[in-house]
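**Q** Turn this into a model:
(one chain, ligands or ions: 1)
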Amino acid sequence: MHPKPKYIPILAESANGAFKDAWDTAEQAPPDWYIVDDFFQNNNNIPWIKDVHAQGRVYWLKAGESSKTLAEVENILAWLTQNNANRQQSVAVIGGGTVLDAGLFATSIYQRGVQKWSLPTTLLAAVDAGIGGKNGVNFMGFKNYVGTITQPDFVVTDFRVFESLDTLHVLNGWMEMAKHALIADPALWYSMKQFESVPPTKTVHTLIRDAAAIKKRLVEADEFESGLRKTLNFGHTVGHALESAAASRSENLSHGIAVGLGMMVSLHWSADQAVDHRIQSELVDAAHCIKHWLNLAVPAYVEIAVNAADLDTLWAFMEKDKKNDTNGVQEVRLTKIGQAEWNQLLSRSAFEISWSSAHRGV
Ligand SMILES: NC(=O)c1ccc[n+]([C@@H]2O[C@H](COP(=O)([O-])OP(=O)(O)OC[C@H]3O[C@@H](n4cnc5c(N)ncnc54)[C@H](O)[C@@H]3O)[C@@H](O)[C@H]2O)c1
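**A** Numbering: from 1, shown residues only. The predicted structure follows:
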């Protein structure tokens, strides 16, 4: 049984704007406090948030990696303290992955934790960041280095909120969906693969649900990441290094795109070790499919990210990845589509070969 059974996904499709009836659906009182992506200050997807704001119960948090800092978490904690928020009350965090990571971390440590709602508003957050209880911030240039694993009490999904996402952010979520499919669900992967380009979210609700269900299932099987949950890090060793390297140049690289570029490397590395030729070509084909989606949707963005990558810098970040043990850089390897092995040692030379196979000619 899941160690925290209060984790409840809810499908809320109210007529009153995104998420509005979630509390009724869950038979709970509405949250007392709201930490909200500041995108919704000027977007009308969540119209009722303006009323809550007028009551002084909203902390607007700017989305982005620049908000995933201990300083920002301290600001949130100060706001909760100044408002006398207490442990009998609950906090809703509404936003994309960065707002959820920082906001849910603050609510996990405020007075040692208050009841909290995770309300993802990006596709990436709905299929990944909003589920599973990992929260936290970046630290000293390293991604997600400080944080906790503390389950939210409720996770609410409302598909309508995705309709204002731009191509880049749909693609980001699509990349995490692809990751879930590649590590755990061949049927989902073959369904996704049929799309020549990344589809509008409203046409793929079932696939989104399936991808979110994979995350939930893996977290329930291994909440504290002693084994199986590690497979969700597929593509993330290189992906996080790309993000950290971009941040060190004061540039921003979207998480999903970084993971997509990282998965391409891991797929080639996995293919190099596959003995079965059919499996080998399926893995390489998957890398090509991801490359195609990325290049079709945001070609200039991808080209800049790949051309700016310096392998010495990436490797230095990979050596500091928090998944590593004393033996070296750990990566997730696919043994076939839908099956992954964790704690696999990746050597520097294998990384360079796979990088070159994946990104030559991007
Ligand atoms: N905790 C986890 O398990 C986990 C898992 C995966 C990723 N992450 C983290 O998630 C972060 C990435 O999340 P993200 O991709 O959501 O990025 P993000 O939070 O930066 O959001 C992307 C952009 O979308 C905007 N936005 C939010 N909702 C919107 C909507 N409905 N319509 C239009 N725009 C909207 C935001 O304001 C922002 O500009 C990374 O920091 C990553 O490390 C965490």
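**Q** where exactly do the strands run in this protein?
**A** 8-11, 33-37, 58-61, 90-95, 115-120, 134-139, 142-149, 154-157, 330-336, 339-345 (DSSP state E).
**Q** Now mean neighbour count and distance to residue 275 too, for these, in JSON lines please.
**A** (Each C-beta comes from the backbone N, C-alpha and C, glycine too.) Below are the strands of the chain laid out as JSON lines (neighbours: other Cβ atoms under 10 Å; distance: least, Cβ to Cβ, whole Å):
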{"stretch": "strand 8-11", "mean neighbour count": "14", "distance to residue 275": "39"}
{"stretch": "strand 33-37", "mean neighbour count": "25", "distance to residue 275": "47"}
{"stretch": "strand 58-61", "mean neighbour count": "21", "distance to residue 275": "49"}
{"stretch": "strand 90-95", "mean neighbour count": "27", "distance to residue 275": "45"}
{"stretch": "strand 115-120", "mean neighbour count": "28", "distance to residue 275": "40"}
{"stretch": "strand 134-139", "mean neighbour count": "22", "distance to residue 275": "34"}
{"stretch": "strand 142-149", "mean neighbour count": "18", "distance to residue 275": "34"}
{"stretch": "strand 154-157", "mean neighbour count": "24", "distance to residue 275": "40"}
{"stretch": "strand 330-336", "mean neighbour count": "22", "distance to residue 275": "10"}
{"stretch": "strand 339-345", "mean neighbour count": "16", "distance to residue 275": "14"}
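**Q** Turn the ones you listed into CSV, columns for mean pLDDT and distance to the ligand.
**A** Listed next are those as CSV, based on pLDDT from 0 to 100; distance: least, Cβ to the nearest ligand atom, whole Å:
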stretch, mean pLDDT, distance to the ligand
strand 8-11, 56, 15
strand 33-37, 98, 5
strand 58-61, 98, 9
strand 90-95, 98, 6
strand 115-120, 95, 8
strand 134-139, 96, 4
strand 142-149, 94, 6
strand 154-157, 91, 12
strand 330-336, 97, 14
strand 339-345, 96, 16
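**Q** and residue 296, which of the ones you listed is closest to it?
**A** strand 330-336 (23.3 Å; Cβ to Cβ).
**Q** And the residue in the stretch 51-200 of the chain that the ligand sits nearest to, how far from residue 125?
**A** Closest approach between the stretch 51-200 of the chain and the ligand, counting by Cβ to the nearest ligand atom: residue 97, at 2.1 Å. Applying Cβ to Cβ, to the nearest Å, the value for residue 97 to residue 125 is 5 Å.
**Q** So between those two, which is more surrounded?
**A** Remark: of residue 97 and residue 125, residue 125 carries more neighbours, 31 against 25, as counted by other Cβ atoms under 10 Å.
**Q** Surely that one is in contact with residue 96?
**A** Yes - contact criterion Cβ atoms under 8 Å: residue 125 and residue 96 qualify, at 5.0 Å.
**Q** who touches the residue of the stretch 201-350 of the chain found nearest the ligand in this structure?
**A** In the stretch 201-350 of the chain, no residue comes nearer to the ligand than residue 255, which is 3.8 Å away by Cβ to the nearest ligand atom. Going by Cβ atoms under 8 Å, 6 or more residues apart in numbering, residue 255 touches 97, 124, 172, 239, 243.
**Q** Out of those, which sit inside helices?
**A** 97, 124, 172, 239, 243 (DSSP state H).
**Q** residues in contact with the closest residue to the third one other than its chain neighbours?
**A** Just to be clear, that refers to residue 172. Spatial nearest neighbour of residue 172, excluding adjacent residues (Cβ to Cβ, 6 or more residues apart in numbering): residue 256 at 2.7 Å. Contacts for residue 256 were tallied using Cβ under 8 Å, 6+ apart; they are 124, 169, 171, 172, 173, 174, 175, 176.
**Q** Swap in 10 Å and give it another go.
**A** By Cβ atoms under 10 Å, 6 or more residues apart in numbering, the residues touching residue 256 are 97, 122-124, 128, 168-179, 239, 294.
**Q** roughly how far apart are it and residue 213?
**A** With Cβ to Cβ as the criterion, residue 256 and residue 213 are 19 Å apart.
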